[in-house]
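Trainee: got a structure for you, letters missing:
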């Protein structure tokens, strides 16, 4: 005998399952986000303001709810982004790995179905990504870093505003079960 009524227990068990995606979705969506990040700013300078690979990393990590999976997703997306960008190899890999782990860990604690929560995820993880990036550039590469705090907060607002509609579109790619 448990102290919880049966429907409550089933609701918690169902809510704690991680989401499933088809294999092509796990490959195509991050690849499209990385290609957007690398090539769109070459033709449209404002395209660099969105960090779509970060948003994809956070989405898949939060919905999968597995910290090890979040690490692998973040590392994979970050390293592919590093290899296609003009940044030193490993900076995006490390920062996206950190964001993937933290967002997957948060995904085990709460639901990210509400638009305000999704906005907050986009905002907070953009700021966390930038802080980690600045720290790594300063410590690992010994480069002087100009934090540009106001610009970062404005870009975090932009990325936060784009996150709920993108999460909604990604939700449509989930499989049943």
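Mentor: In hand now; what should we look at? This structure is a prediction, so every number in the text was calculated from the model and none was measured.

Trainee: which residue ranges of the chain form helices?
Mentor: 6-15, 23-43, 52-64, 67-84, 91-107, 115-139, 149-171 (DSSP state H).

Trainee: out of those helices, which one sits most buried?
Mentor: helix 52-64 (a mean of 27; mean count of other CB atoms under 10 Å). Just so you know, the C-beta spots here come from the backbone N, C-alpha and C atoms, and that holds for glycine as well.

Trainee: helices and strands around it, which ones?
Mentor: helix 23-43, helix 67-84, helix 91-107, helix 115-139, helix 149-171 (3 or more CB pairs under 8 Å, 6 or more residues apart in numbering; DSSP states H and E).

Trainee: so what's the residue count around residue 47?
Mentor: 15 (other CB atoms under 10 Å).

Trainee: coming back round to it: turn the helices and strands packed on helix 52-64 into JSON lines, including mean pLDDT and distance to residue 51.
Mentor: Listed next are those as JSON lines, based on pLDDT from 0 to 100; distance: least, CB to CB, whole Å:
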{"stretch": "helix 23-43", "mean pLDDT": "94", "distance to residue 51": "7"}
{"stretch": "helix 67-84", "mean pLDDT": "95", "distance to residue 51": "10"}
{"stretch": "helix 91-107", "mean pLDDT": "96", "distance to residue 51": "10"}
{"stretch": "helix 115-139", "mean pLDDT": "96", "distance to residue 51": "6"}
{"stretch": "helix 149-171", "mean pLDDT": "97", "distance to residue 51": "6"}
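
Trainee: I'm done for today, thanks for sticking with me.
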